[in-house]
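> here is a sequence together with a model predicted from it:
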Amino acid sequence: MSNPKWYPEKLRVPNRGTNATYVFMKTVYRPLEHFCYAEFGIWKADTAANVCKLFPNATLFLFDFEDNIRAAQEKLSVYPNRVHYFGNSQRYNDSYNWALGKLVAQNGAKPIFDYCFLDGAHTYAVDALNFFLCDRLLRVDGYMDFDDYSWTLRGSSLDPSAVPEMLLQYTEEQIDSLQVKMIVDDLVKTDSRYVEKIANKVYQKLRA
Ligand SMILES: C[S@@+](CC[C@H](N)C(=O)[O-])C[C@H]1O[C@@H](n2cnc3c(N)ncnc32)[C@H](O)[C@@H]1O
């Protein structure tokens, strides 16, 4: 029987959010520019709050587990009408990809995102699919941003010693593999439509 709340309640995440992401964004967007930013895995919405502050005309699409999305709605309530929220359950095979797939269906072939920041599950099972779905929705000239290139489940806040469900969800090989690196190296770097802007992190889409 799966645990309905298996995800840890504490993560080692900086409370200012992911500085490297919004610092990079400041180099490519003017402060008053309008663009659409999607973040997969928002935790306490600290990166999202910085994006709201730095870019008052940006529209945000935020994805995470339902509890984190509810907290983000509260925290970002000072930015009404600019943020779209997408929550999902903690069922083992549920993820932000479900809501993202529905956005693909709603929008057909029309891309809607300018910037996709992928900082969620960090696993191939979830995030390789996320990359392909984001690619469908990412405009030409838009950016894919991947956090934690060198991350493994082992040694993270999801280490099986702290979260035993990991042993039901992943093999020992998967627990020790650099799964974000696999996505970046094998799916993004090998795609000639993408050019690297920050090593092992940010990639710009050059062609449809
Ligand atoms: C490293 S934290 C995100 C940090 C955040 N991007 C920031 O910059 O502050 C990872 C987040 O991914 C979310 N996440 C992990 N697996 C998920 C899944 N299957 N579905 C939805 N969210 C997930 C977690 O709830 C957590 O909030």
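Thanks, I have the structure now. Treat the numbers as computed from the prediction; the structure is a model and nothing was measured.
> give me the residue from this protein nearest the ligand.
Gly41 (2.7 Å; C-beta to the nearest ligand atom). C-betas here are computed from N, CA, C, even on glycine.
> nearest residue to that residue other than its sequence neighbours?
Taking C-beta to C-beta, 6 or more residues apart in numbering, and ignoring the residues beside it in sequence, Gly41 has Gly120 as its nearest neighbour in space, at 2.8 Å.
> tell me where the longest helix sits in this structure.
The single longest helix within the chain, with elements called by DSSP state H, is helix 124-137.
> what does that helix rub up against?
In this structure, residues lying in contact with helix 124-137 by C-beta atoms under 8 Å, 6 or more residues apart in numbering are 38, 40, 95-97, 100-101, 103-104, 107, 109, 111-113, 116, 118, 120-121, 144, 174, 177, 179-180, 182-183, 187-188, 205.
> one more: stretch 25-44?
11, 13, 15, 47-48, 51, 54-64, 68-69, 71-72, 75, 96, 100, 112-121, 127, 130, 134, 137, 143.
> quick check, Asp114 in a helix?
No: remark: Asp114 does not belong to a helix; assigned using DSSP: H, G, I helix; E, B strand; the rest coil, it is strand.
> not counting sequence-adjacent ones, nearest residue to it?
Phe35 (3.9 Å).
> and for that neighbour, the neighbour number?
Other residues within reach of Phe35 by the criterion other C-beta atoms under 10 Å amount to 19.
> just give me how far the longest helix of the chain sits from the chain centre.
Per C-alpha atoms, centre = their mean, to the nearest Å, the displacement of helix 124-137 from the mean C-alpha position of its chain is 10 Å.
> what residues sit buried inside that helix?
Residues of helix 124-137 classed as buried under the neighbour-count rule (16 or more other C-beta atoms under 10 Å) are Tyr124, Val126, Asp127, Asn130, Phe131, Leu133, Cys134, Asp135, Arg136, Leu137.
> ok, now stretch 161-176?
Using 16+ other C-beta under 10 Å as the burial criterion, the residues of stretch 161-176 that qualify are Val163, Glu165, Met166, Gln169, Tyr170, Gln174, Ile175.
> stretch 63-72 now?
So stretch 63-72, judged by 16+ other C-beta under 10 Å, has buried residues Phe63, Asp64, Phe65, Asn68, Ile69, Ala72.
> and it, average pLDDT?
Mean pLDDT, taken over the full extent of stretch 63-72, equals 98.
> equivalent analysis for stretch 144-155, please.
The predicted model assigns stretch 144-155 a mean pLDDT of 98.
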